[in-house]
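when you get a sec, could you give me coordinates for this:
(2 chains)
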Amino acid sequence: MADKKIKNIFMQGPIPAGFIADSIQKHSTKTDIGAHSIFLGQVRDDIIGDKKVAAIDYTTYEEMALEKMQEIREDMFSKYALTCMHVYHSLGKVAAGELSLFVFTSSKHRKMAIEACEETVERIKAELPVWGKELLEDESYQWKENK
Amino acid sequence: MQINVIIFGQIVDITGTSAIAVEDVTDTNQLVERLATAYPALKSAKYAIAVDKKIVKENTVLSNNNTIALLPPFSGG
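You can find the predicted model right below:
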């Protein structure tokens, strides 16, 4: 594992919809792909007490997160017949309605792509050292916790 | 022996800083006790300890070359 290049997955601020479109477009040259599966996480304006969540401010323990993501990636490639896999996660402030997570798996057939995508999302939520601070309308905050 | 600890998320709200040095601790159990004495609110806080980027569940012997991190529950995605 040490000899492999560790990919960065973090992006400052929200993930633009155009970035996702470009990412899909880039796969048109990989003609052995028959199925893509995409998960997009969007910041929700939950009501905390009587205030709405205006944004989430994400922080991470980057070295550990990238190492863990590499491990998840390797597990997915050995478990599923994937052609490729891309993951992007926001850091910093992402407003309600904006995207904070983009998981993109591609395979010859749909089943592998869909299952790998779902498993990757679940593992990211459970295993990546990333923290979301929910910033409320009145500038108070609370720390998010994944269920 | 001095152990450097890096701190993340809501645990920083308790410690007020994202890096602390703790003197004379030899293992993670001792570290938890010392931290709880210095910051009583940590006793009721949920966090995991990572030694060199791996979460440890059992008591673990520390050396000053280790990178120790306090990790509150994850909330990415």
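
and residue 51, how many neighbours?
All of this is about chain A. The number of residues packed around A:Lys51, counting by other C-beta atoms under 10 Å in any protein chain shown, is 16. Any C-beta I mention is one placed from the backbone N, CA and C, and that applies to glycine too.

that answer is for a different chain, and I need it for chain B
B:Val51: 17 surrounding residues under other C-beta under 10 Å.

is it true that it touches B:Thr60?
Yes: shown here, B:Val51 and B:Thr60 form a contact pair, counting by C-beta atoms under 8 Å, at 5.5 Å.

overlap in contacts, those two.
Counting by C-beta atoms under 8 Å, 6 or more residues apart in numbering or on different chains, the common neighbours of B:Val51 and B:Thr60 are B:Thr28.

how about the contacts made by the residue most central in space within chain B?
By C-alpha atoms, centre = their mean, the mean C-alpha position of chain B lies nearest to B:Leu70, the distance being 3.8 Å. B:Leu70 makes contacts with B:Val5, B:Ile6, B:Ile7, B:Phe8, B:Ile11, B:Leu35, B:Tyr47, B:Ala48, B:Ile49, as judged by C-beta under 8 Å, 6+ apart.

up against chain A, what does chain B have?
For chain B, the residues in contact with chain A (C-beta under 8 Å from any C-beta of the partner chain) are B:6, B:8-10, B:13, B:50, B:53, B:69, B:71-77.

in stretch A:84-98, what's buried?
Under the neighbour-count criterion of 16 or more other C-beta atoms under 10 Å in any protein chain shown, stretch A:84-98 has A:Met85, A:His86, A:Val87, A:Tyr88, A:His89, A:Ser90, A:Leu91, A:Lys93, A:Val94, A:Ala96, A:Glu98 buried.

following whichever strand or helix holds the third one, which helix or strand shows up next?
A:Val87 belongs to strand A:82-95 when assigned by DSSP states H and E. The C-terminal neighbour of strand A:82-95 among helices and strands, as given by DSSP H and E, is strand A:99-107.

quick check: angle from that following strand to strand A:82-95?
Counting by axes from the mean of the first three to the mean of the last three C-alpha atoms, to 10 degrees, strand A:99-107 lies at 170 degrees to strand A:82-95.

so who does the nearest residue to B:Thr17 once chain neighbours are set aside touch?
Excluding the flanking residues, the one nearest B:Thr17 by C-beta to C-beta, 6 or more residues apart in numbering or on different chains is B:Ile7, at 7.1 Å. Listed by C-beta under 8 Å, 6+ apart, the contact set of B:Ile7 reads B:Thr15, B:Thr17, B:Ser18, B:Ala19, B:Ile20, B:Ala69, B:Leu70.

and what of B:Ala50?
A:Tyr61, A:Met64, A:Pro129, B:Val56, B:Thr67, B:Ile68, B:Ala69, B:Leu71.

so what sits opposite the residue nearest the centre of chain A in the bridge?
Residue closest to the average C-alpha location in chain A (C-alpha atoms, centre = their mean): A:Leu101, at 3.2 Å. Assessed by DSSP bridges, A:Leu101 has beta-bridge partners A:Gly41, A:His89.

perfect, that will be all.
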